[in-house]
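> Pasting a predicted model and its sequence here:
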Amino acid sequence: MALQGGCACGAIRYEIAGETLPRVVCCHCRDCQTHTGSAFDLTAFVAPDDMRILGRPVAAPRLSPRGMRTTLHACEVCFTPLYVVHEASPGWLLLRCGTLDDSEAIVPAVHMFTRSKQPWITLPEGVPAYPEFPPADDFRALTGR
Ligand SMILES: [Zn+2]
Ligand SMILES: [Zn+2]
């Protein structure tokens, strides 16, 4: 059965092909905190061909603090952020994993930008964590991307 998710109001639903979620990245940077309106971002790299979207998200392009072009796709009714297309990750949709129906599937494979994480968050032992962005080789090995 495909993984399913959607926005808070139900106007947009999606399905991801495959049984297991791609590995999840937890980013604690300030930009992600602002962009999610929360303490961190949970992202999974999904191939566009694997994602079937029912409904029509609106696109909000912007420049990240590091000057990268990034476009958030959100529900135009309830503004739930669904996925991001990021210049740094061409060819991938960066799924906002909190929109999945089955939130048990969300277990971060790596934590990054922990230097700016909220002080009350205790990271789990045994999960790789980096103060900033991981070295590219580490990131590829950890995420498969
Ligand atoms: Zn909605
Ligand atoms: Zn971030």
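All right, it came through fine. Numbers count the residues shown, from 1 in each chain. Ligands and ions are numbered 1, 2, ... in the order given.
> Quick check: which ranges of this protein have low pLDDT?
1 (pLDDT under 70).
> all strands of the chain, in order?
Here the chain has its strands, by DSSP state E, at 3-6, 13-16, 24-27, 41-46, 51-54, 58-63, 69-74, 81-86, 93-96, 108-112.
> give me the number of residues near residue 82?
Residues lying near residue 82 (other Cβ atoms under 10 Å) number 24. From N, CA and C alone the C-beta is placed, and that goes for glycine too.
> Please apply the same query to the one 5 residues further on.
The number of residues packed near residue 87 is 13, by other Cβ under 10 Å.
> give the contact list for it.
The neighbourhood of residue 87, defined by Cβ atoms under 8 Å, 6 or more residues apart in numbering, consists of 68-70.
> need the residues of this structure near ligand 1, please.
7, 9, 11, 75, 77-78 (Cβ under 5 Å from the ion).
> in stretch 116-132, what counts as buried?
Across stretch 116-132, burial judged by 16 or more other Cβ atoms under 10 Å covers 117, 129-130.
> Apologies, that question was intended for stretch 28-39.
28-29, 32-33, 35-36.
> do stretch 62-70 as well
64, 70.
> So is it next to ligand 2?
No. Against ligand 2, stretch 62-70 shows no contacts by Cβ under 5 Å from the ion, the least distance being 8.7 Å.
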